[in-house]
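Student: Sequence first, predicted coordinates after that:
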2 protein chains.
Amino acid sequence: MPFFTHTLPNGLTLIGEPSPAARSAAVGFFVRTGSRDERPDESGVSHFLEHMMFKGTPRRTALDVNLDFDRIGASYNAYTSEENTVYYAAVLPEYLPRAVDILADILRPSLRTDDFDTEKQVILEEIGMYEDQPAWAASDHARKIFYGPHPLGNSVLGSKESVTALTRDGMHAYFGRRYAPTNIVVSAAGHFDWDELVKLVTAACGGWARGEAGRGPRSEWAGEGGLHVLTREKVQQEHVMFQAGGPPADNRLRYAADTLALALGDDSGSRLYWALVDPGYADSADSAYYEYDGAGCAYTAFSCEPERAAANLDIVRAVLAEVQRDGLTADELHTAKSKIASRVVRGSERPMGRMQAIAAAWSYTGEYRDVDAELANFDAVSLADVRAYLDAYPIDRSTVIAFGPLDTLAGVAGKPV
Amino acid sequence: MPFFTHTLPNGLTLIGEPSPAARSAAVGFFVRTGSRDERPDESGVSHFLEHMMFKGTPRRTALDVNLDFDRIGASYNAYTSEENTVYYAAVLPEYLPRAVDILADILRPSLRTDDFDTEKQVILEEIGMYEDQPAWAASDHARKIFYGPHPLGNSVLGSKESVTALTRDGMHAYFGRRYAPTNIVVSAAGHFDWDELVKLVTAACGGWARGEAGRGPRSEWAGEGGLHVLTREKVQQEHVMFQAGGPPADNRLRYAADTLALALGDDSGSRLYWALVDPGYADSADSAYYEYDGAGCAYTAFSCEPERAAANLDIVRAVLAEVQRDGLTADELHTAKSKIASRVVRGSERPMGRMQAIAAAWSYTGEYRDVDAELANFDAVSLADVRAYLDAYPIDRSTVIAFGPLDTLAGVAGKPV
């Protein structure tokens, strides 16, 4: 695949992987900001701001934004994570100019006070709704406890208190600080012409004022260990989560970390599947490697009936210790690599998938990886690489958080939450 | 795209759309059987049998099935509907022979009595779990009431009573009656060689005994109208569903029906979105056209706080009556066609999507439609076609079912369910 990059004089970067055989195009604006970039008195502002982006600009009302996306049949959305806020659309090739025009326009929003007040209620309802979902609440608590003082522990949604305290002017100041063109990458994939895209984005965004946007500490984090029991009586299932440090996104060990997580906790045919799910001890058990800017995390979790939690905790600890000691078998490595190759290829078959993949690789490492390069990177993972990963980031040195009805687990008393 | 078909001497049909540019391949076994093909004393057997297919064959234990799919990194699954039971896998091209071997093998299962007894408990738990989901229970009740004596009203899951009463030998008899090669289409799309696929399927399925498998009445159905209020106290939201007759899958009016449903009830920028969701009167409102073998259905639904249900019912009735009288505007038709074109193209970008699309078109109409043909069919929909559809299948002559906490709605007393 051809790959192109271009940087406007104001610092905005474009990247693109045109694919003439594709029949649609995807374009996204990746803003390098999220909850980790919020000050304590701004908690939740990144996500709230993402909502406000759809509420109108000097050129468009909120209704116009909706109608304009609709008229071109766009599949569009946005999301906010710990470190990225992303606005994107997939369209038929002939509508790419209009999609770029709308996305660029909403990235310079009016942020009207009355819209801000109305949308704040929507956000508060969303927080209430998520807090009612045990699996979400469990992982939100787990992240806060694991990361402690590290900014990756910041909540994406924020709390009802922090969101209530946000002001329109405070949001505007955050926007000015974080949405500078130097902090934005525009990514495109699928059926489009690169030169035309550069012209479109230059016309739409070339006038944006230059600015600077850095990021605070990007240190690695291994957690402080221990078992933390959080008691919420009205929840049915006990949710138990293990978190250990992992390689950052720009570390080559990411390939071994991802492969090992799949062998350990894929939802079919993994160590944890056979140890917990197949025999019916747990409803779910999974493992994942999360990569971040400067840090990483090996995450393992299960949920089960409360009375099974203690026995399952012992099983998972034994599995993690065994893998830490002996690594994977050659057969496990082979199966995990087959699954990953299939995942990489199938994820690449849509422009939307490629648009996201090249943006992630670019923003984390400043490099372009085509599908073949990514396949080769995974295919090269050896048992020795798995060993090197485990030595550098021991998966059995986890911080463990239990969330659910139990008021004590493995001798640790629960704290009500 | 090239398209191929082949029928084995025993009646099994293969269809395939090879796409050399694709990097994966998808293959599915479409069995033309589902709840509409069950006798009253067999209710739920199609779905239960789908589960049993993964429990082992003379050549493979259940564990082997899981491990063999895993080793090739397959993304595999199965589902059962009112009229189809489908088993499928997406894999890298080099693994297609093994995927065909596994799928063909599980289609001739052992159906061991002890596995049957164990899996029956899983199915009963699944039924209990679904019954606890208000949206699912609402639509299951709505379908039964709308279809009344028509076999499309049969429940896919069956009831706890009907599944409890099923026997292994009864399932085996159903299997013998419905899984004859004449009743199965093998569909493939993506990166594969047609001649090789024919050889693989011939080797794996050529020995299957010929048989016959028809289908009972395939009559159209318009419902008997009326408002039915089903009261379940512990549900929070009121779910209201409107169902009217629609064109069968082999009727050209399907394109107008699908387009109108999108203009009426897409989840953004549709008549119902602006009338109910945008002003906050309902949490959700949507409309869809469902196509079946010999029948069709225009479905509209909303869910809301109970106290809003009566007013919303009036709003939806007014919207349906207005559309029935005046059709769509040119602008609405244009937007709906943009959305559909985008949906068709994006849905075609993965072999999995094409494999399903060509199988659906083939089994319903015996014809092949490539992406361009399907786009042209939708693009040709005119306001006059919309009018013709509405005249043939009036959307304001609905059977309305309300499910939720209300014990009366619009003067109709609720029946507890």
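Tutor: Nice, I can see it. Treat the numbers as computed from the prediction; the structure is a model and nothing was measured. Numbers count the residues shown, from 1 in each chain, chains lettered A, B, ... in the order given.

Student: Would you mind listing what in the stretch 251-400 of chain A touches chain B?
Tutor: Within the stretch 251-400 of chain A, the positions near chain B by C-beta under 8 Å from any C-beta of the partner chain are A:268-269, A:334-335, A:337-343, A:345-346, A:348-352, A:371. C-beta coordinates here come from the backbone N, C-alpha and C atoms, glycine included.

Student: chain center to the helix or strand containing A:Val122, what's the gap?
Tutor: Following DSSP states H and E, one finds A:Val122 within helix A:113-131. Centroid separation between helix A:113-131 and its chain, computed with C-alpha atoms, centre = their mean, to the nearest Å, is 22 Å.

Student: Also stretch A:190-210?
Tutor: Distance of stretch A:190-210 from the chain centroid (C-alpha atoms, centre = their mean) equals 26 Å.

Student: likewise stretch A:61-69?
Tutor: The answer for stretch A:61-69 is 27 Å, by C-alpha atoms, centre = their mean.

Student: same question, stretch A:315-329
Tutor: 27 Å.

Student: can you list contacts of that stretch?
Tutor: Under the criterion C-beta atoms under 8 Å, 6 or more residues apart in numbering or on different chains, residues A:240, A:242, A:260, A:263-264, A:271-272, A:275-276, A:281, A:285, A:300, A:302, A:336, A:383, A:386-387, A:390, A:394-396, A:398 lie in contact with stretch A:315-329.

Student: try 6 Å
Tutor: With C-beta atoms under 6 Å, 6 or more residues apart in numbering or on different chains as the test, stretch A:315-329 has contacts from A:263, A:271, A:275, A:383, A:386-387, A:390, A:394-396.

Student: Restricted to buried residues, select those residues in ChimeraX.
Tutor: Buried residues within the contacts of stretch A:315-329, by 16 or more other C-beta atoms under 10 Å in any protein chain shown, are selected in ChimeraX with:
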select /A:263,271,275,386,390,394,395,396
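
Student: Can you tell me which of the contacts of stretch A:315-329 is closest to B:Val417?
Tutor: Among the contacts of stretch A:315-329, A:Ala275 lies closest to B:Val417 (C-beta to C-beta), at 40.9 Å.

Student: what about the helix holding A:Val122, near chain B?
Tutor: No. With C-beta under 6 Å from any C-beta of the partner chain as the criterion, chain B is not reached by helix A:113-131; the gap is at least 9.8 Å.

Student: Downstream of that helix, the next helix or strand is which one?
Tutor: Sequence-wise, the next helix or strand downstream of helix A:113-131 (DSSP H and E) is helix A:134-147.

Student: measure the closest residue to A:Pro151 other than its chain neighbours to A:Arg178 for me?
Tutor: Of all residues not flanking A:Pro151 in the chain, A:Arg36 sits nearest, at 4.0 Å (C-beta to C-beta, 6 or more residues apart in numbering or on different chains). Computed as C-beta to C-beta, to the nearest Å, the A:Arg36 to A:Arg178 distance reads 11 Å.

Student: ditto for A:Phe146
Tutor: In this view, A:Phe146 and A:Arg178 are 25 Å apart by C-beta to C-beta.

Student: all helices for the stretch 201-350 of chain A, in order.
Tutor: Taking DSSP state H, counting those that start in this stretch as the test, the helices found in the stretch 201-350 of chain A are A:254-265, A:271-272, A:309-326, A:330-347.

Student: Redo the ones you listed as JSON lines? Include mean pLDDT.
Tutor: Shown next, in JSON lines, are the helices of the stretch 201-350 of chain A (pLDDT from 0 to 100):
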{"stretch": "helix A:254-265", "mean pLDDT": "98"}
{"stretch": "helix A:271-272", "mean pLDDT": "96"}
{"stretch": "helix A:309-326", "mean pLDDT": "98"}
{"stretch": "helix A:330-347", "mean pLDDT": "96"}
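
Student: got those as JSON lines, with distance to A:Glu126 columns?
Tutor: Shown next, in JSON lines, are these (distance: least, C-beta to C-beta, whole Å):
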{"stretch": "helix A:254-265", "distance to A:Glu126": "29"}
{"stretch": "helix A:271-272", "distance to A:Glu126": "31"}
{"stretch": "helix A:309-326", "distance to A:Glu126": "30"}
{"stretch": "helix A:330-347", "distance to A:Glu126": "28"}
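
Student: Which stretches in chain A count as strands?
Tutor: A:4-7, A:13-18, A:25-31, A:75-80, A:85-91, A:184-190, A:227-231, A:238-245, A:284-291, A:296-304, A:399-404, A:408-409, A:412-413, A:415-416 (DSSP state E).

Student: Neighbours of A:Ala138, how many?
Tutor: Around A:Ala138 there are 25 other residues, counting by other C-beta atoms under 10 Å in any protein chain shown.

Student: Name the residues linked to the nearest residue to A:Trp194 once chain neighbours are set aside by a beta bridge.
Tutor: Distances taken as C-beta to C-beta, 6+ apart place A:Phe4 nearest to A:Trp194, at 4.7 Å, with adjacent residues excluded. Beta-bridge pairing for A:Phe4 (DSSP bridges): A:Gly16.

Student: any idea how far A:Phe4 is from A:Tyr364?
Tutor: As judged by C-beta to C-beta, A:Phe4 and A:Tyr364 stand 19 Å apart.
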